[in-house]
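**Student:** What follows is a predicted structure for the sequence shown.
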Amino acid sequence: MEPEVLKTPQQTPTPNTPSTPKILQTDPSLRPLRTYERDVAEMIRSQEASIVSISLAEQKRKEELPVEDEPYVSATEKITRNTIFFVVSIILVVASVSIFIIFYSNIKNKTETIKPNPISTPIPINDKKEISVDGLVPPQIVEKIKTTISEYVGDDTILHIQINTTDIEMSSTTEATAKEFFEDSFLDIPTSLTRAFDKKMFAGVYMFAKRYPFFIINIDSFDNAFAGMLLWEKDMYTDIGAILDTRAVSDTDFLGTPLENFEDVVIQNKDTRVLKDNQGEIIVVYSFIDQKTLLITQSELGFKEVLNRFNASKFVR
């Protein structure tokens, strides 16, 4: 009989019982393994340290540098600089003002060149004729004016007949005043009327198919001028009719005979006094077209044309 061998019973691990992990002993002589992540971390820490060190060193270096002193400027140099600055400023100001004046003058000259000349006559004119009445008696003055009128040729135009006289005291030729002309030319005109005239007068003729003579007279007193014209009516055609009546008929038998009295007629919204002939044709017409102006002419058409031009010229003067 063989001897019984004793067997050590095997320990069967209890199910669901975790095994105890073995504790590894670390050898201090062994260095830890290097990894990529560890290298990057160390580089970043080293770089940050370097940047901070450089910044601190630079700041310290700046603090240790000596402060440079500003350059010394003497009082004389300061005065010289200020003087130069002041002179240059004055020169610039003067130059600027001069340029402005030159520029403004050029603009003004151009404006004056473009701007039309102001009208010195009560209406615009197309032609002008000067005549002298020195040493002439009334019939000669009338005849000279009639000749000037008959010689004028135009088409829808106006001729200004400037009547001159010699001033003996001044030894010069001047334009006759309304009082001088009417008293020297017409024998029967009332002195109360001529005293109411102002100095300015305009003798002219409007040419359109036929000639229409007219007079524009400035008045000083409306009441005296109105009363004086009423007194002159009975002799007016005898005095001024020879100038105004330009009917081109050689045989006077075909001309209408002037009537004795003037009558009231409204023409172009103006109260007028007209003298007609026995055929009903107006041969003299006058009107106070405003409180300071008297217009005398010889037809309705001539009156309308001169009045329209007179009113239009008011906006230009």
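**Tutor:** Yes, it's here. Residues are numbered from 1 along each chain as shown.

**Student:** May I have the secondary structure class of the residue nearest to Met236 when sequence neighbours are not counted?
**Tutor:** Closest residue to Met236 apart from its sequence neighbours, by C-beta to C-beta, 6 or more residues apart in numbering: Val284 at 6.3 Å. No exception for glycine: its C-beta is placed from N, CA and C like everyone else's. Secondary structure, DSSP: H, G, I helix; E, B strand; the rest coil: Val284 is strand.

**Student:** and the gap between Leu230 and Glu263?
**Tutor:** 13 Å (C-beta to C-beta, to the nearest Å).

**Student:** Any idea what the residue nearest to Met236 is bridged to?
**Tutor:** Beta bridges link Val284 to Leu275, judged by DSSP bridges.

**Student:** Now do the same for it: its pLDDT.
**Tutor:** If you check Val284, the pLDDT there is 95.

**Student:** Report the separation between the spatially closest residue to Leu244 that is not a sequence neighbour and Ile84.
**Tutor:** Spatially, and ignoring its direct neighbours in sequence, Leu244 is nearest to Gln298 (3.7 Å; C-beta to C-beta, 6+ apart). According to C-beta to C-beta, Gln298 and Ile84 sit 82 Å apart.

**Student:** can you check Ser313 too?
**Tutor:** Taking C-beta to C-beta, one finds Ser313 at 62 Å from Ile84.

**Student:** of those two, who's got more company?
**Tutor:** Using other C-beta atoms under 10 Å, the more surrounded residue of Ser313 and Ile84 is Ser313, with 14 against 10.

**Student:** Now that one: phi and psi?
**Tutor:** In terms of degrees, to the nearest 10, the main-chain angles of Ser313 are phi -70, psi -20.

**Student:** how about the strands in the chain?
**Tutor:** Taking DSSP state E as the test, the strands found in the chain are 127-132, 157-167, 172-175, 197-208, 210-219, 263-267, 270-276, 282-290, 293-297.

**Student:** now, of those, which is deepest in the fold?
**Tutor:** Across the strands of the chain, the average number of neighbours (mean count of other C-beta atoms under 10 Å) peaks for strand 293-297, which reaches a mean of 23.

**Student:** What lies in contact with that one?
**Tutor:** For strand 293-297, the external contacting residues (C-beta atoms under 8 Å, 6 or more residues apart in numbering) are 122, 212-219, 225, 229, 240, 244, 284-289, 303, 306-307, 310.

**Student:** quick revisit: wait, what's in contact with the residue nearest to Leu244?
**Tutor:** So Gln298 contacts Tyr212, Pro213, Phe214, Leu244, Asp245, Thr246, Ile282, Ile283, Val284, Val285 (C-beta under 8 Å, 6+ apart).

**Student:** The fourth one contacts Ala203, correct?
**Tutor:** No: in this structure, Leu244 sits apart from Ala203 without contact. The criterion is C-beta atoms under 8 Å, and the distance is 11.2 Å.

**Student:** How about residues contacting stretch 203-213?
**Tutor:** 123, 125, 145, 149-150, 152-163, 181, 214-216, 243-244, 246, 248, 297-299, 301-302, 305-306.

**Student:** Send over it as PDB, restricted to the C-alpha atoms.
**Tutor:** The C-alpha coordinates for stretch 203-213 follow below in PDB (Å, rounded to 0.1, in the frame of the first residue of the first chain):
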ATOM      1  CA  ALA A 203     -38.600 166.100 -77.200                       C
ATOM      2  CA  GLY A 204     -38.900 163.100 -79.500                       C
ATOM      3  CA  VAL A 205     -40.500 161.400 -82.400                       C
ATOM      4  CA  TYR A 206     -41.800 157.800 -82.700                       C
ATOM      5  CA  MET A 207     -41.400 156.400 -86.200                       C
ATOM      6  CA  PHE A 208     -43.700 153.600 -87.300                       C
ATOM      7  CA  ALA A 209     -45.100 153.900 -90.900                       C
ATOM      8  CA  LYS A 210     -45.500 157.600 -90.100                       C
ATOM      9  CA  ARG A 211     -44.000 160.000 -87.600                       C
ATOM     10  CA  TYR A 212     -45.500 160.800 -84.200                       C
ATOM     11  CA  PRO A 213     -43.800 163.800 -82.400                       C
END
